[in-house]
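>>> Build me a model from this:
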Amino acid sequence: MKLAQTPDLEAALWKVLSEYAELKIKSLKEEIERFERKWKMSFDEFSKRCEEGTIEADVYSWEVESDFWEWEKAVTLLSHYEKVKL
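Next comes the predicted model:
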């Protein structure tokens, strides 16, 4: 309650959770932008090109696979946090 600067416990909890969600959304957007700059495409295009085997790297390489899973996680979490924030 001190951190949220309110005597109401429920209001304090909502304020802290809301601020956490905003920070998480910002962090996820930055991570997604980093992948978009690295691969010069959106996740949807990256995913499609991986599936088709038309990406300019070995689809089964550690770099491509780990980026795919991390990027997918960031996109999925961002979608979740944006829905929850509403």
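>>> What pLDDT does the model give residue 1?
We note a pLDDT of 57 for residue 1 in this prediction.
>>> what number of residues lie near residue 26?
The local packing of residue 26 (other CB atoms under 10 Å) involves 11 other residues. For glycine as for every other residue, the C-beta is placed from the backbone atoms N, C-alpha and C.
>>> How much space separates it from residue 42?
19 Å (CB to CB, to the nearest Å).
>>> Ok, residue 50 next?
Taking CB to CB, one finds residue 50 at 13 Å from residue 42.
>>> Also residue 79?
Distance from residue 79 to residue 42, by CB to CB: 14 Å.
>>> looking at it, residue 68 is touching residue 49, isn't it?
No - the pair residue 68 / residue 49 is not scored as a contact, 10.6 Å apart, by CB atoms under 8 Å.
>>> For this protein, give me the ranges with low pLDDT.
1-4, 85-86 (pLDDT under 70).
>>> hang on, the earlier thing: looking at residue 79 and residue 42, which has the bigger crowd around it?
residue 42 (14 against 11).
>>> Quick check: which element contains the most centrally placed residue in the chain?
Centrality entry for the chain: nearest residue to the mean C-alpha point is residue 74, 2.7 Å, by CA atoms, centre = their mean. Assessed by DSSP states H and E, residue 74 sits inside helix 62-85.
>>> Please state the offset of that helix from the chain centre?
5 Å (CA atoms, centre = their mean, to the nearest Å).
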